[in-house]
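1. Take this sequence and fold it.
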Amino acid sequence: MKKKIVMIPLSILFLIIAVCCFGLLYLAWQFTFPAKAVTTFSEISEPMLTRAEYVEPTQPTEPPTEETETETETEPETVPEGPYYMSLDMNQVASYHNSNPEVVGWVKVAGTVINYPIMQKMEDNNYYVDHSWNGAWNHAGAIFADWRCRLENSDNTLVYGHNMGNGSMFHAIKNYKSAAWGNSHKYIEVATLQHRYLYRVFSCNVLYGEVGAKFEYWNFIEMNRTDYRNFVNSIINTATVFYGDARHLPRVNDNKFITLQTCNSGANDGIRCVVFAYLVEER
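-> The predicted model follows:
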C-alpha cells in the first residue's frame, strides 16, 4: 500500500518533467527554424524589391513549340547605327502567354542580357520576386510589372527586376550610371500581345526607394498635369545621369513612360537604381 502511495506522486512528477521537456524542445525548434518572413504590398505607397543580394539564377525557359530547337548561347547583339530597328516579335510574347497567361509583354535592351518576358500577377507584387516566368520557385525571380499598371494604357509603367550577381535579370541597368555606357544603350524595347513600343532613356537615378522617400516615383502611374510636372521635375532634380533635354520632353498627356527598377547593391538596402524612359515610337 505504501509502495502504491509513493508511485502515484512519482508518476505525476515524471509526467510534468516530460511535458516540460517537450515544451522546451518545441521552443528550441521554433527559434532554430523560423518561418519565412512575408512582406506585404501597399497599393498606394510601398515600393518593391528590398532584397539586394541574389546569385546564380536560371534563365527563362522557352515554352515548347513545334519550331523550338536546341539553342546555343550567343553574344548580345549590338544596336544598329541609324534609325533604331525594333526586333521584338509579338508572336514570341503570344507563345509565352499561351504557356502562362500572366506573361503580359517582353522587355529588351539591345547589347545586354535584358531580354525577358514581363510578368504581372493581379494584386500581387510579391509572387514574381522569387518565381520564374513559368511559376517555378527561383530566387532570381522574374521581370514583372507593378500590378497597378497596364503596359498598354498607363501613363507610367513600373517594371521590377533583381540585380543579380552573375549579371542577369536587371543587373545591367546599373550601367546607366555611366553616361558613356548609357549613350550607347539609349533605347528600351517593349512588346505586348497587341503592340511594340520603343522608349528612350532620359534619366538614371539612384534613389531611396522606401516609404517616406522625398520622391515616391513608384506612385506616379496615372498622372494629371500637376502630377506630370512633379514627376518630371523630381526626375531632373534627383538625376544621377540625365540623358534628356528637359525642353524636349513630352508634353502632358502626349506620351507614356516606363520605369525600370532594381536594387543598387550598396550598404543601404533601401537604395534603388531607377531608369526612366519615355515613348518615342509605337507600332
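2. helices and strands of this structure: which one bottoms out on pLDDT?
-> Least confident element among the helices and strands of the chain, by mean pLDDT, DSSP states H and E: helix 2-32 (a mean of 57).
3. all strands of the protein, in order?
-> Taking DSSP state E as the criterion, the chain carries its strands at 103-108, 115-119, 143-145, 156-160, 187-191, 196-208, 241-242, 257-263, 271-282.
4. For the ones you listed, give me CSV that also has distance to F220, mean neighbour count and mean pLDDT.
-> (C-beta placed from N, C-alpha, C; glycine too.) CSV is the format used below for the strands of the chain (distance: least, Cβ to Cβ, whole Å; neighbours: other Cβ atoms under 10 Å; pLDDT from 0 to 100):
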stretch, distance to F220, mean neighbour count, mean pLDDT
strand 103-108, 19, 24, 98
strand 115-119, 19, 24, 98
strand 143-145, 15, 26, 97
strand 156-160, 5, 25, 97
strand 187-191, 18, 22, 97
strand 196-208, 13, 22, 95
strand 241-242, 17, 18, 96
strand 257-263, 8, 25, 96
strand 271-282, 10, 21, 94
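5. Can you lay out those as JSON lines showing distance to Y85?
-> As requested, the strands of the chain are exported to JSON lines (distance: least, Cβ to Cβ, whole Å):
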{"stretch": "strand 103-108", "distance to Y85": "12"}
{"stretch": "strand 115-119", "distance to Y85": "15"}
{"stretch": "strand 143-145", "distance to Y85": "22"}
{"stretch": "strand 156-160", "distance to Y85": "22"}
{"stretch": "strand 187-191", "distance to Y85": "10"}
{"stretch": "strand 196-208", "distance to Y85": "10"}
{"stretch": "strand 241-242", "distance to Y85": "25"}
{"stretch": "strand 257-263", "distance to Y85": "19"}
{"stretch": "strand 271-282", "distance to Y85": "11"}
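6. List the residues that contact the nearest residue to T240 once chain neighbours are set aside.
-> Distances taken as Cβ to Cβ, 6 or more residues apart in numbering place V206 nearest to T240, at 4.9 Å, with adjacent residues excluded. Neighbouring residues of V206 by Cβ atoms under 8 Å, 6 or more residues apart in numbering: 177, 240, 264, 271-274.
7. any idea which of those residues is the one closest to Y127?
-> Of all the contacts of V206, the one sitting nearest Y127 is R272; the distance, using Cβ to Cβ, is 19.9 Å.
8. With adjacent residues omitted, what lies nearest to that closest one?
-> With sequence-adjacent residues excluded and distances taken as Cβ to Cβ, 6+ apart, R272 is closest to G209, at 3.7 Å.
9. Do I have it right that the one you found meets F215?
-> No: at 9.5 Å, G209 and F215 do not qualify as touching, with contact defined as Cβ atoms under 8 Å.
10. Which one's more surrounded, these two?
-> Residue environment comparison for G209 versus F215 gives the larger neighbour count to G209, 25 against 19, counting by other Cβ atoms under 10 Å.
11. and the more buried one, how far is that from A110?
-> Counting by Cβ to Cβ, to the nearest Å, the gap from G209 to A110 is 27 Å.
12. Leaving out chain neighbours, which residue sits closest to R283?
-> The shortest distance from R283 to any residue that is not its chain neighbour, by Cβ to Cβ, 6+ apart, is 4.7 Å, and that residue is R196.
13. now do H97
-> Nearest residue to H97, sequence neighbours excluded (Cβ to Cβ, 6+ apart): V103, at 4.5 Å.
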